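J.: One predicted model, sequence on top.
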Amino acid sequence: MTKLSVNINKIATLRNSRGGNTPDLLKVAVDVQEFGAQGITIHPRPDERHIRYKDAYDLVPLVVTEYNIEGNPIQQFIDLVLAVKPTQVTLVPDAIDAITSNAGWDTIKNQEFLTEVVAEFKRNKIRTSIFMDPDLKLIEASAKTGTDRIELYTEAYATEYAKGNKDAIIPYVDAAKLANELGLGINAGHDLSLDNVEYFADKIPNLLEVSIGHALISEALYLGLENVVKMYLHKLQ
Ligand SMILES: CC(=O)[C@@H](O)[C@H](O)COP(=O)(O)O
Ligand SMILES: NCC(=O)COP(=O)(O)O
């Protein structure tokens, strides 16, 4: 079975848009776990445009499932993760001004750096995962960093699947087979959705975890909309 870790960045985006505490990020994290999600993911970015560093601390007593913190391992991020001690840290090479994560690591070019960072987190008993495109050479190199897992960056799959190109799964299956041979655990995420996640999970051997945020929160809005509109109409009768 593949675990679902719900990324709550978008709840923080909505909260920050008004400056108050609605929606309440911490309550959402508690409720999402009560509804059955097996993990909570956050991706604090240096500009704190959604998740604030304080949120990462406030979530500690409330995340009773797997706590996954994603981000670019700049010193500020490393210090945060070492202080919070989540279950897992996912290393993502996102540029400071990127609108969202848009590439996996070049694990050949950054091998020494990643090896050091991975070792530091593992010394602190934090599981590590490296965000990766499904590139066999890079996946082979990722194993040399000592990481426990990789997270397959699924945007390309999601984009092609939406166009009807199911063959877009092939590089991911090949990548997963190699990762399995190398003893790497496999996570996946980015633009996974109710439309494309089942096919992905069916085809990828030993997919341990998916982290889903943007589509899941959007779908929750759509699926809840009719109910809430009706509740308002009822109050206004
Ligand atoms: C690592 C990754 O794939 C991202 O999906 C990320 O966690 C989402 O970040 P944003 O919510 O800032 O787009
Ligand atoms: N690691 C991927 C993640 O946490 C969520 O990505 P998305 O569903 O917001 O694209």
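T.: Received, thanks. Ligands and ions are numbered 1, 2, ... in the order given.
J.: What does the residue minimising distance to the centre of the chain show for phi and psi?
T.: Per Cα atoms, centre = their mean, the C-alpha nearest to the average position across the chain is that of S211, at 4.1 Å. Note on S211: its backbone torsions stand at phi -110, psi 130 [degrees, to the nearest 10].
J.: ok, now which ones touch N9?
T.: N9 is in contact with I42, H43, H50, I51, G213, H214, counting by Cβ atoms under 8 Å, 6 or more residues apart in numbering. Every residue, glycine included, has its C-beta placed from N, CA and C.
J.: Please give me every residue in contact with the closest residue to it other than its chain neighbours.
T.: Take N9 and drop its neighbours on the chain: the residue closest to it by Cβ to Cβ, 6 or more residues apart in numbering is H50, 4.5 Å away. Taking Cβ under 8 Å, 6+ apart, we find H50 in contact with N9, K10, A12, T13, N16, H43.
J.: What is the burial count for the residue in the chain that ligand 2 sits nearest to?
T.: The chain approaches ligand 2 most closely through G189 (2.7 Å), counting by Cβ to the nearest ligand atom. The local packing of G189 (other Cβ atoms under 10 Å) involves 27 other residues.
J.: residues in contact with it?
T.: Per Cβ under 8 Å, 6+ apart, neighbours of G189: N7, T41, E151, L152, Y153, T154, V210, S211, I212.
J.: Return the set of residues that bridge with it.
T.: Bridge pairing for G189 (DSSP bridges) gives the partners Y153, S211.
J.: what separates it from N227, distance-wise?
T.: Between G189 and N227 the distance, using Cβ to Cβ, to the nearest Å, works out to 28 Å.
J.: L184 too?
T.: Distance, L184 to N227, using Cβ to Cβ: 42 Å.
J.: Compare the two (neighbour count), which wins?
T.: Shown here are L184 and N227; by other Cβ under 10 Å, L184 has more neighbours (23 against 8).
J.: Can you give me every residue that contacts the closest residue to that one other than its chain neighbours?
T.: Residue nearest to L184 in three dimensions, not counting chain neighbours: I150, with 5.3 Å by Cβ to Cβ, 6+ apart. I150 sits next to S129, I130, F131, M132, I139, S142, A179, L184, G185, I186, N187 when contact means Cβ under 8 Å, 6+ apart.
J.: tell me which of the residues you listed is nearest to Q111?
T.: Each of these was scored against Q111 by Cβ to Cβ, and S142 proved nearest at 8.7 Å.
J.: Burial check on that closest one, number of neighbours?
T.: Neighbours around S142, by other Cβ under 10 Å: 28.
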